[in-house]
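Peer 1: Predicted coordinates and the sequence they were generated for:
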Amino acid sequence: SQQGEEDPQALSIQEGENATMNCSYKTSINNLQWYRQNSGRGLVHLILIRSNEREKHSGRLRVTLDTSKKSSSLLITASRAADTASYFCARGTNAGKSTFGDGTTLTVKP
Amino acid sequence: NAGVTQTPKFQVLKTGQSMTLQCAQDMNHEYMSWYRQDPGMGLRLIHYSVGAGITDQGEVPNGYNVSRSTTEDFPLRLLSAAPSQTSVYFCASSYSRVEYEQYFGPGTRLTVT
């Protein structure tokens, strides 16, 4: 299975609500990255969090990392219809490889 | 800057044919990689390069070759196409191999019949 596993697989919310998606991994990491993919497009980088960091913010995005539980979460606050996309976590290793999970598909209804 | 460019956008091949997917970046990035994405799934690493002249295998390298003769270009060659290689292929680059965001190209949608 993929080393980065997102949960839930799909999430549907109303505009204005918060969206939380989780990522678990199995082996040690150097960093963990979150990406967004709009339908049929390439991935866009959102946030990178290092293994010695616990929380990072970027605008409406908040990422947490718990290395003891080997998990991370991405919170999108006050969601908008434009946030509709698939979200992927990628585990980064010292060797430079990034391993992606299967993603969470977020639908934000206007 | 154009960022990461990929050609072609779409390609249909017959089983057994070979072809090269092109990838170029104009950001002077050291690290480049190729991924494939099958429907409803995440990206799987095919090959990557940490600099000109240096390449290595990812998770799913069989059936693919790469070379990195310049910093800018990182072509992916399909040696003998198979239906199992039907997928969307993404090229990505980053400043360094560790702790830097990856920039992705728009993808090449490949169908092998």
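Peer 2: Received, thanks.
Peer 1: What strand or helix carries the residue in chain B positioned nearest to chain A?
Peer 2: Closest contact between chain B and chain A, by C-beta to the nearest C-beta, is at B:Arg97 (2.9 Å). Bear in mind the C-beta positions are built from the backbone N, C-alpha and C, glycine included. B:Arg97 belongs to no helix or strand when assigned by DSSP states H and E.
Peer 1: Could you double-check that B:Ala81 lies in contact with B:Thr20?
Peer 2: No: look at B:Ala81 against B:Thr20 with C-beta atoms under 8 Å: they stay out of range, at 11.5 Å.
Peer 1: circling back to that earlier point, what pLDDT is listed against the residue of chain B closest to chain A?
Peer 2: Per-residue confidence (pLDDT) for B:Arg97: 73.
Peer 1: Surely A:Asp7 touches A:Thr105?
Peer 2: No: counting by C-beta under 8 Å, A:Asp7 stays clear of A:Thr105, with 12.0 Å between them.
Peer 1: Between the two, point out the one with more neighbours.
Peer 2: Set A:Asp7 next to A:Thr105 and count neighbours by other C-beta atoms under 10 Å in any protein chain shown: A:Thr105 wins out with 19 against 15.
Peer 1: Touching, that one and A:Ala10? I think so.
Peer 2: Yes: counting by C-beta under 8 Å, A:Thr105 touches A:Ala10, with 4.7 Å between them.
Peer 1: since we're on the closest residue in space to B:Leu21 that isn't next to it in sequence, how many residues are nearby?
Peer 2: Among residues not flanking B:Leu21 along the chain, B:Leu76 sits closest, at 4.5 Å (C-beta to C-beta, 6 or more residues apart in numbering or on different chains). Residues within reach of B:Leu76, counting by other C-beta under 10 Å, total 21.
Peer 1: Isn't B:Leu76 up against B:Gln11?
Peer 2: No: between B:Leu76 and B:Gln11 there is no contact under C-beta under 8 Å: 11.7 Å.
Peer 1: Find the helix or strand that the residue most central in space within chain B is a member of.
Peer 2: Centre of chain B computed as the mean C-alpha position; nearest residue by C-alpha atoms, centre = their mean is B:Trp34, 3.0 Å away. Here B:Trp34 sits within strand B:31-37, counting by DSSP H and E.
Peer 1: Just the CA coordinates for stretch B:59-69, please, in PDB.
Peer 2: Only the C-alpha atoms of stretch B:59-69 are listed here, as PDB (Å, rounded to 0.1, in the frame of the first residue of the first chain):
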ATOM      1  CA  GLU B  59       8.600   2.600  -6.900                       C
ATOM      2  CA  VAL B  60       7.600   1.500 -10.400                       C
ATOM      3  CA  PRO B  61      10.500   1.800 -12.800                       C
ATOM      4  CA  ASN B  62       9.900  -1.300 -15.000                       C
ATOM      5  CA  GLY B  63       9.300  -0.500 -18.600                       C
ATOM      6  CA  TYR B  64      10.600   3.000 -18.400                       C
ATOM      7  CA  ASN B  65      14.000   4.600 -19.000                       C
ATOM      8  CA  VAL B  66      15.300   8.100 -18.200                       C
ATOM      9  CA  SER B  67      18.400  10.200 -18.700                       C
ATOM     10  CA  ARG B  68      19.500  13.600 -17.500                       C
ATOM     11  CA  SER B  69      22.100  15.100 -19.800                       C
END
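Peer 1: Could you tell me how far that stretch lies from the centre of the chain?
Peer 2: Here the centre of stretch B:59-69 is set off from its chain's centre by 8 Å, with C-alpha atoms, centre = their mean, to the nearest Å.
Peer 1: Next: stretch B:9-29.
Peer 2: The answer for stretch B:9-29 is 7 Å, by C-alpha atoms, centre = their mean.
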